[in-house]
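**Q** Below is the structure, and that's it, no one-letter string:
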C-alpha cells in the first residue's frame, strides 16, 4: 500500500510539473472582412484644403524728403487684390523714414540711406488705406499715399 501511495504522489507531481511548464498563447484576433483596415494610397486622397491666394505682390519704394517714390512717381497708389500677400521693399534715398499702414499692422523699420528694409502682410480686407511715414511730422508734410485693396 505504501508503494501505491508513493506511486500516486509521484504521478501527480509529474502531471503538475508538466502542466506548469506548458506555454499558452492568446488567440489572434483578425478584423472582420466587411471592414477593411487599409487606407487608399495618398494620391487618391483629396487635398486637405485648397490654399488661399498665394500671390505675392512686391513693390520697391524709396523714401525721400517728404515723399515716397516708386517708378518715378511721387506717393503712388499701390493696388492689390484681397488675399494678396504684399511685400514692400523700402529704402531711404535721403533722411530717416519708414513705411506704415495701420489697418494691416504693417510697418518697416525706420531707416537711413544704405539700410534697406521690408515688410510683408496679407491684404485680407477690401478698401482704400493710407500708408505713410511715421517719423516726426513727415506724414503731415505730405509723405502719404493710398493702398487700394480690391
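**A** All right, it came through fine. Being a predicted model, the structure only gives us computed values, none of them experimental.

**Q** From what I see, residue 110 and residue 97 are in contact.
**A** Yes: the criterion here is C-beta atoms under 8 Å, and residue 110 meets it with residue 97 at 6.8 Å. From N, CA and C alone the C-beta is placed, and that goes for glycine too.

**Q** Looking at those two, which is more packed in?
**A** residue 97 (29 against 17; other C-beta atoms under 10 Å).

**Q** For that one, which non-adjacent residue is closest in space?
**A** Distances taken as C-beta to C-beta, 6 or more residues apart in numbering put residue 63 closest to residue 97, at 3.1 Å, once the chain neighbours are dropped.

**Q** got any residues that touch both of residue 110 and residue 97?
**A** Among the neighbours of residue 110, those also in contact with residue 97 (C-beta atoms under 8 Å, 6 or more residues apart in numbering) are residue 135.

**Q** List the neighbouring strands of whichever strand or helix holds the residue nearest to residue 97 plus their orientation.
**A** If you go by DSSP states H and E, residue 63 is part of strand 56-64. Sheet pairing of strand 56-64 (DSSP bridges) gives strand 67-70 (antiparallel), strand 85-92 (parallel).

**Q** Mean pLDDT and mean neighbour count added to those strands, as JSON lines?
**A** Output for the strands paired with strand 56-64, formatted as JSON lines (pLDDT from 0 to 100; neighbours: other C-beta atoms under 10 Å):
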{"stretch": "strand 67-70", "mean pLDDT": "98", "mean neighbour count": "18"}
{"stretch": "strand 85-92", "mean pLDDT": "98", "mean neighbour count": "19"}
